[in-house]
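*Asks:* Have a look at this prediction, sequence included:
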Amino acid sequence: MKHFINLKDIPAKDLRKILIDSKRRKKLRKKLNNLETDKGSPLKGKLLIQMFEKSSLRTRLSFYLAIKQLGGSTLTLRLDELHLSKGGESIGDTAKILSTFGNAFMLRTESDQKLEEFKRYLSIPIINGLSPSSHPTQILSDIFTVEEIKNKSISKLNITWIGDSNNVLNSLIVASIKFSFKLNIGCPKNYQPKKKILNYIKKNNNKIFIYNDPKKAVMGADVIFSDKVISLNDKVNKKKKLSHFKKFKINKKLMSFAKKDCTFLHCLPRGNEVDEKFFLSKQSKVWQQALNRVHVQKSILLYCFGKLR
């Protein structure tokens, strides 16, 4: 049994194994529809319990299909329906019940501490479906998409992030260290990664660079990542924040400073950080990116169950 909470905790060789398995499984599904099961049904009889404290579309759908295609089932819980939220039941007691009825637990949470508490009491694997500090399933899937599109290892590519310093960027920074790829971060001066993340970069890597000029950040980029500038629960002056990011908007003009065949990725949902016309252009591969979540999360589940080839 293995947990999947933060990319920092997982050896690079295991992350690579997950990507190799994802590629193989996607290839084998070419003639199957979404609800057909993979040959051998490796997780037959297994139940994945999902719990969401925050809104979810892609993570919810992709984990549902992932466990289904592996022969298992899923049950989705909402926090406001549980005693954990309304009746004062402890995380420890909740975890014991989840471990009794389920075989794995995926949590999208507003608290990193809650993830660690559940991990302490669970006797089944826990997967981080997004927390305030990281989004590991998203970024590992994105690496899969990058290598699929570019047909080469991400270590040979120049990656750029344009946008706010958030949980997705935190996981991308860890991935840059694990997979040894160059990462340029483009953001306004007051929106740089937190001191803890900057110290982590300084200690572990010399391939990560931060620019306050978006043109410099995208120069020579093979792939540009972005995310919504205003998150759902952002407690900031939204108008002011958007004004700070005005020159960081992804559009044809900014992309002209990157390589001609540069790919654009966005984990969605989007806001006005990307131009509508460019978002729907051939350089944008966001739909392929979203679909690949299913394939990678299947291999993450197998990794957690100790069934990865």
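*Replies:* Okay, I see it. Numbering: from 1, shown residues only.
*Asks:* which residue ranges form the strands in the stretch 101-250 of the chain?
*Replies:* Assignment of strands within the stretch 101-250 of the chain using DSSP state E, counting those that start in this stretch yields the ranges 104-108, 126-128, 158-162, 182-186, 208-211, 223-226.
*Asks:* among the ones you listed, which is nearest residue 75?
*Replies:* Closest to residue 75 of these, according to Cβ to Cβ: strand 104-108, at 10.3 Å. (Each C-beta comes from the backbone N, C-alpha and C, glycine too.)
*Asks:* tally of neighbours for the nearest residue in space to residue 224 that is not next to it in sequence?
*Replies:* Counting by Cβ to Cβ, 6 or more residues apart in numbering, residue 160 is the residue found nearest to residue 224 once chain neighbours are left out, at 4.8 Å. The criterion is other Cβ atoms under 10 Å. On that basis, residue 160 has 26 neighbouring residues.
*Asks:* surely residue 160 meets residue 182?
*Replies:* No. Counting by Cβ atoms under 8 Å, residue 182 is not a contact partner of residue 160; they are 9.1 Å apart.
*Asks:* From residue 211, how far out is the residue nearest to residue 224?
*Replies:* Here the criterion is Cβ to Cβ, to the nearest Å. By it, residue 160 lies 9 Å from residue 211.
*Asks:* thinking again about what came up before, who touches the residue nearest to residue 224 in this structure?
*Replies:* Remark: with contacts taken as Cβ atoms under 8 Å, 6 or more residues apart in numbering, residue 160 is in contact with 183, 184, 185, 186, 217, 218, 221, 223, 224, 225, 258.
*Asks:* and if you look at residue 277?
*Replies:* Residues near residue 277 by Cβ under 8 Å, 6+ apart: 251, 252.
*Asks:* and it, that's in a helix?
*Replies:* Yes. Assigned with DSSP: H, G, I helix; E, B strand; the rest coil, residue 277 falls within a helix.
*Asks:* Could you check the pLDDT of it?
*Replies:* Per-residue pLDDT puts residue 277 at 95.
*Asks:* one step back: turn the contacts of residue 160 into CSV, including neighbour count.
*Replies:* As requested, the contacts of residue 160 are exported to CSV (neighbours: other Cβ atoms under 10 Å):
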residue, neighbour count
183, 23
184, 22
185, 25
186, 25
217, 24
218, 25
221, 24
223, 25
224, 29
225, 25
258, 22
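*Asks:* so which of those residues would you say is closest to residue 300?
*Replies:* Nearest to residue 300 among those: residue 225, at 19.8 Å, using Cβ to Cβ.
*Asks:* related to what we said a few turns ago, just tell me which of the strands of the stretch 101-250 of the chain ends up closest to residue 10.
*Replies:* Ranked by Cβ to Cβ, the member of these that lies closest to residue 10 is strand 126-128, at 11.1 Å.
*Asks:* Averaged pLDDT, that closest one. What do you get?
*Replies:* Averaged across strand 126-128, the pLDDT comes to 98.
*Asks:* Would you agree residue 25 is in contact with residue 299?
*Replies:* Yes. Under the criterion of Cβ under 8 Å, residue 25 lies in contact with residue 299, with a separation of 6.5 Å.
*Asks:* about what we covered before: let me have the contacts of residue 160 in CSV, extended by pLDDT and distance to residue 149.
*Replies:* Putting these into CSV (pLDDT from 0 to 100; distance: Cβ to Cβ, whole Å) gives the following:
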residue, pLDDT, distance to residue 149
183, 98, 17
184, 98, 19
185, 98, 21
186, 98, 21
217, 98, 20
218, 98, 17
221, 98, 13
223, 98, 8
224, 98, 12
225, 98, 13
258, 98, 14
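*Asks:* Which of these sits closest to residue 175?
*Replies:* Distances from these to residue 175 were compared by Cβ to Cβ; the smallest belongs to residue 183, at 8.4 Å.
*Asks:* so what's the nearest residue to the closest one once chain neighbours are set aside up against?
*Replies:* Once flanking residues are discounted, residue 183 sits nearest to residue 176: 4.1 Å by Cβ to Cβ, 6+ apart. Remark: with contacts taken as Cβ under 8 Å, 6+ apart, residue 176 is in contact with 159, 182, 183, 205, 207, 208.
*Asks:* Next, give me the two most distant ones among the residues you listed.
*Replies:* Set against one another by Cβ to Cβ, the contacts of residue 176 have their most distant pair in 159 and 205, with a gap of 12.7 Å.
*Asks:* Need the phi and psi values for the nearest residue to residue 34 once chain neighbours are set aside.
*Replies:* For residue 34, ignoring the flanking residues on the chain, the nearest one in space by Cβ to Cβ, 6+ apart is residue 65 at 5.9 Å. With angles defined as degrees, to the nearest 10, residue 65 shows backbone torsions of phi -70, psi -30.
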